[in-house]
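Novice: Sequence first, then the predicted structure:
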Amino acid sequence: MYIPSAFRVDDIHALHNAIDNSRLATVISQGAEELQASQLPLLLVPDEGPHGTLYGHFARANGHWRELAENPSALVLFTPADAYVSPSWYPAKAAHGKVVPTWNYISVEVRGKVEVFEDKERLLQLVSRLSQRHEAGRPQPWAVSDAPSDYIDSMLRAIVGFALPIERIEGKFKLSQNRDMPDRIGVSTGLNQSADPRDVELAGHLGQTFSTKP
């Protein structure tokens, strides 16, 4: 991943938080004939291995897991937040007009080798933990145990799990750090005034960088 120094983030806790805040990840690997890509919700276990371990599952009908069983090297992309940045938000536009549109975003890239597994108990533990994570905060959280056991058994037979111990992790938090402070404040204000909650979410991340000099 191309990462200018102003946007590089190496803090493992910040990178893990970005992974946790991502809804879907993109798992990419080289297949026998072409690149393979699957969009999947993943579970991060931060204290497994030096950089953490990712867990997820494929539909058994998805041939991607078979390709990974043969060639386990994988790249996983997480992009928890992104937003368009209008040049009109920069005070520099009025001063000299030398501004153009851009895009701010948070991106984390993970590499490692995938271990595929089909063990029923391990799969049950995985889907239970994934459900607990995404049901947390609901008034009446759904649990895997709410469904009939024979139905869950049939669902487990239809998936294949995997673990990916993280060997390499990189973060790019492009949040206007290369602009001067008035322009950065202008971007934050513009995003906060947007009707799109995704823009407002990114503005919160941008505000956390104000103590960092451009």
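Specialist: Looks like it arrived, so ask away.
Novice: For the rest of this, base every contact and every neighbour count on C-alpha atoms.
Specialist: Fine.
Novice: Residue 179 versus residue 6, what's the distance?
Specialist: According to C-alpha to C-alpha, to the nearest Å, residue 6 and residue 179 sit 10 Å apart.
Novice: typo on my end, it should be residue 173
Specialist: From residue 173 over to residue 179 (counting by C-alpha to C-alpha), the distance is 14 Å.
Novice: backbone phi and psi for the residue nearest to residue 20 when sequence neighbours are not counted, please?
Specialist: Nearest non-adjacent residue to residue 20, counting by C-alpha to C-alpha, 6 or more residues apart in numbering: residue 44, 7.1 Å away. Backbone geometry at residue 44, expressed as degrees, to the nearest 10, gives phi -100, psi 130.
Novice: Please pull up the helix or strand immediately following the strand with the most length in the chain.
Specialist: In terms of residue count, the longest strand belonging to the chain (DSSP state E) is strand 159-174. Following the chain from strand 159-174 toward its C-terminal end, the next helix or strand by DSSP states H and E is helix 181-192.
Novice: what's the longest strand of the chain packed up against?
Specialist: Secondary-structure packing of strand 159-174 (3 or more C-alpha pairs under 8 Å, 6 or more residues apart in numbering; DSSP states H and E): strand 8-9, helix 12-20, strand 53-59, strand 102-113, strand 115-117, helix 120-135.
Novice: Contacts for stretch 140-147, please.
Specialist: Defining contact as C-alpha atoms under 8 Å, 6 or more residues apart in numbering, one finds that stretch 140-147 is touched by 127-128, 131-132, 135, 152.
Novice: Mind telling me the two of those farthest from one another?
Specialist: Greatest spatial distance in the contacts of stretch 140-147: 135 and 152, 17.3 Å, computed using C-alpha to C-alpha.
Novice: Pick out whichever of residue 173 and residue 179 has more residues nearby.
Specialist: Taking other C-alpha atoms under 10 Å, residue 173 and residue 179 do not tie; residue 173 has more neighbours (26 against 15).
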